[in-house]
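1. Sequence and predicted structure below; questions after.
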Amino acid sequence: MSKNPRRISCHWCQHFYVTWDNSFPYGCRAMGFKGKIMPSLMVFQASGQACLSYSEKKGPANPEPDKIP
């Protein structure tokens, strides 16, 4: 287990989604599970490694407020 693993934010991953299930609000399409905590944290707790399925979302990261439809 590495001392300083790369911290991954699921919010910027194309596989991340928010569910309608109040008991399990966060999901990962790549791993196929839902949970109470962010999927990247679940992966790190289980394996001790950063998520290998992370894939950054395509498109603008922070659109300008006047360009939001």
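-> Cool, the structure landed.

2. give the contact list for the residue minimising distance to the centre of the chain.
-> Geometric centre of the chain, nearest residue: C10, 1.9 Å, by C-alpha atoms, centre = their mean. For C10, the contact set (C-beta atoms under 8 Å, 6 or more residues apart in numbering) comprises F16, Y26, C28, M38, P39, S40. In this view, the C-beta of every residue, glycine as well, is placed from N, C-alpha and C.

3. in the protein, which spans are helices?
-> Here the chain has its helices, by DSSP state H, at 39-47.

4. Which parts of it are strands?
-> 16-18, 26-28, 33-35 (DSSP state E).

5. So which bits of stretch 9-26 are buried?
-> For stretch 9-26, the neighbour count (16 or more other C-beta atoms under 10 Å) marks C10, C13, H15, F16, Y26 as buried.

6. Kindly report the same for stretch 31-44.
-> Neighbour-count burial for stretch 31-44, counted by 16+ other C-beta under 10 Å, picks out M31, K34, G35, M38, P39, S40, L41, M42, V43, F44.
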